[in-house]
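Enquirer: what would the 3D arrangement of this be:
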Amino acid sequence: MNYRFASWWKYVCDRGVVRRAVKVAFVVGTVLAVINYGDRFLSDSLSSRDLLKIAITYLVPYCVATYSAASVLASARTNQ
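Expert: Predicted coordinates for the structure are as follows:
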């Protein structure tokens, strides 16, 4: 395994990074889910496909926040 990737992966799994990414995903995912699926939720017409899309709606901000935090930490480590 590439050393840089292994080092970066350590930051991805860091407890603080994961915790912060979960918080960001909860807030941003909820806002996006309400914007995109609020009407279907209120009318009780969510399909299983909609639920999958909502899960992805939460996954995307989690991945973005994790990537951003891990990249900053890895960059700071290499610049020391």
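Enquirer: next up, phi/psi of residue 66, please.
Expert: Main-chain torsions, residue 66, degrees, to the nearest 10: phi -60, psi -50.
Enquirer: just checking, it touches residue 17?
Expert: Yes: under the criterion of CB atoms under 8 Å, residue 66 makes contact with residue 17 at 6.1 Å. (Each C-beta comes from the backbone N, C-alpha and C, glycine too.)
Enquirer: would you mind listing where this structure has pLDDT under the threshold?
Expert: 1-4, 79-80 (pLDDT under 70).
Enquirer: go ahead and flag the most central residue of it.
Expert: residue 62 (0.4 Å; CA atoms, centre = their mean).
Enquirer: residue contacts, that residue?
Expert: Contacts for residue 62 (CB atoms under 8 Å, 6 or more residues apart in numbering) come out as 21-22, 24-25, 29.
Enquirer: make it 7 Å
Expert: Counting by CB atoms under 7 Å, 6 or more residues apart in numbering, residue 62 touches 21-22, 25.
Enquirer: next step: those residues restricted to helices.
Expert: 21-22, 25 (DSSP state H).
Enquirer: quickly note the distance from residue 24 to residue 7.
Expert: Using CB to CB, to the nearest Å, residue 24 is found at 23 Å from residue 7.
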